[in-house]
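Chemist: Take a look and give me a structure for this.
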Amino acid sequence: MISVNEALHILKENLPHPRIVQLPLQDAFSRRLADDLLSPEPSPRYTSSAMDGFAVRWADLGNLEETGQVLLKIAGESQAGLPYCKTVAEGEAIRISTGAMLPDGADTVVRVEDTEEVQDSVLILRCKKRGQDVRYMGEEFPAGARILHKGQVIKARQIALLSAVGLSSIPVYAQPRVSLFITGTELAHHGDGKIKPYQVRDSNAPMLQSAILEAGAEVVECLHVRDDLDSTIAQMTEALSNGSDIILCSGGVSVGRHDHVKAAAEQVGFKELFWKIRQKPGKPLYVAKRDRTLLFGLPGNPVSAFMCFQNFVMPSLAALQGVELLKTVTSAVAEVPVANTGKRTDFIRVDITNEPNAAPSFRPIDRQGSHMLTSIVEADGYIAIEPGCCLQAGELADVFVF
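Modeler: Here you go, the predicted model:
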């Protein structure tokens, strides 16, 4: 039996390299960037007007402060999408719309409310400075500027920016592919109304499917596997053929006569990385590897399975997406003393309190039993306390947020 830190180190040394795919922008939502992105063009793409008004030469407004007005001839119009293609000459003004290209020769925009039109001319009444209300080409960023960083998640805001600079496809990390096996003859479907007195409704399948999706991965298949060796071997072989990055088994990893996950894994070519960890809950965790596929044998107990997923499977799914963490780790103050008098690392589920103008604090929830799903539902996260350690009230600790 090894420590939690030893297990995490072994797992880190055996993580497969993430796969990178080039996806059309519309298919890249919620994926993580596999490289920095540089803009192929400047933003704005051209110099334009920030207001409706008139594009003028600042040199023609030299007497405005003395006379209070300057009369210019309206020589044309620049609309968004329909620019004025001539050069603005001395004494001319060009009617211009917001977003329209600033014509050559002009260097200033006078707002329409600061003018009066007189037949085919315009009277300029006010203008504060040269370059007023002009949006200059490249003032946001030049061509070649880094606009998004490797590892960023592509959401609506990022899609808007990438579309604006003309990037139609981007490199992202491929979604990790996960096959999920739920073992246990005693399990009944969670939607069954009436079940036998000796049956238990399956909570692991829906829980782990949701956890996989929450981690940004894809559930390739979710199967209920009978408690016999041949069925377990057959399903593992199929999962290897469908390109699964991770095979996730729930149950069947202990030492009972009907626990077949470990034996089946060895028969299909998996090499054991570790089995059994000095932790509570989740001691019988089994992890093995074949080529680039990792196999996690989670305990069948739902809380133990969930905690093992959080502490071991989640970092693996993060690495397959080019990042170290997918969840938040926050520093918080213990509200009460928290001790571990046992011989295993204890994953203690805690409730986090956030008050204005104060550091976050936490306290263990009342029910910590590994068979009690409320111990993860009512908790905001968990702390890892080593054997023989005690956190005093007021002491800081890392809280792994669910």
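Chemist: Strands along the stretch 1-150 of the chain, start to end?
Modeler: When assigned using DSSP state E, counting those that start in this stretch, the strands of the stretch 1-150 of the chain occupy the ranges 20-24, 37-38, 48-49, 53-56, 70-78, 92-96, 108-111, 115-118, 121-124, 134-135, 146-148.
Chemist: Turn those strands into a markdown table, including mean pLDDT, mean neighbour count and distance to residue 176.
Modeler: Any C-beta I mention is one placed from the backbone N, CA and C, and that applies to glycine too. Shown next, in a markdown table, are these (pLDDT from 0 to 100; neighbours: other CB atoms under 10 Å; distance: least, CB to CB, whole Å):
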| stretch | mean pLDDT | mean neighbour count | distance to residue 176 |
| --- | --- | --- | --- |
| strand 20-24 | 98 | 13 | 12 |
| strand 37-38 | 98 | 18 | 22 |
| strand 48-49 | 98 | 24 | 44 |
| strand 53-56 | 98 | 27 | 54 |
| strand 70-78 | 98 | 18 | 51 |
| strand 92-96 | 98 | 25 | 52 |
| strand 108-111 | 98 | 24 | 52 |
| strand 115-118 | 96 | 14 | 61 |
| strand 121-124 | 97 | 19 | 63 |
| strand 134-135 | 98 | 18 | 43 |
| strand 146-148 | 98 | 16 | 21 |
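Chemist: For residue 173, find the nearest of those strands.
Modeler: Closest to residue 173 of those, according to CB to CB: strand 20-24, at 6.2 Å.
Chemist: Spatially nearest residue to the one residue sitting closest to the centre of the chain (excluding sequence neighbours)?
Modeler: The residue lying closest to the centre of the chain (CA atoms, centre = their mean) is residue 153, at 4.5 Å. Nearest residue to residue 153 in three dimensions, chain neighbours excluded: residue 32, at 5.6 Å (CB to CB, 6 or more residues apart in numbering).
Chemist: roughly how far apart are the one you found and residue 16?
Modeler: Computed with CB to CB, to the nearest Å, the distance linking residue 32 and residue 16 is 16 Å.
Chemist: quick one: which of the two has more around it?
Modeler: residue 32 (22 against 16; other CB atoms under 10 Å).
Chemist: Just the pLDDT for the more buried one.
Modeler: pLDDT, residue 32: 96.
Chemist: Flag the shaky bits of the stretch 201-350 of the chain, pLDDT-wise.
Modeler: Low-confidence regions of the stretch 201-350 of the chain, defined here as pLDDT under 70, cover residues 255-256, 258.
Chemist: all helices for it, in order.
Modeler: Along the stretch 201-350 of the chain, the stretches classed as helices by DSSP state H, counting those that start in this stretch are 204-214, 229-241, 261-267, 302-308, 314-319.
Chemist: for the second one, which positions count as buried?
Modeler: Just to be clear, that refers to helix 229-241. Taking 16 or more other CB atoms under 10 Å as the neighbour-count basis, helix 229-241 is seen to contain the buried residues 231, 232, 233, 235, 236, 239, 240.
Chemist: can you redo the residues you listed as a markdown table with distance to residue 390?
Modeler: Listed next are the buried residues of helix 229-241 as a markdown table, based on distance: CB to CB, whole Å:
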| residue | distance to residue 390 |
| --- | --- |
| 231 | 46 |
| 232 | 42 |
| 233 | 46 |
| 235 | 45 |
| 236 | 43 |
| 239 | 43 |
| 240 | 46 |
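Chemist: Sort out which one of these lies nearest residue 246 for me.
Modeler: Closest approach to residue 246 among the buried residues of helix 229-241 (CB to CB): residue 239, at 9.3 Å.
Chemist: Give me the distance between the closest one and residue 293.
Modeler: 8 Å.
Chemist: Touching both of the two, which residues are there?
Modeler: Jointly contacting residue 239 and residue 293 under the rule CB atoms under 8 Å, 6 or more residues apart in numbering are residue 247.
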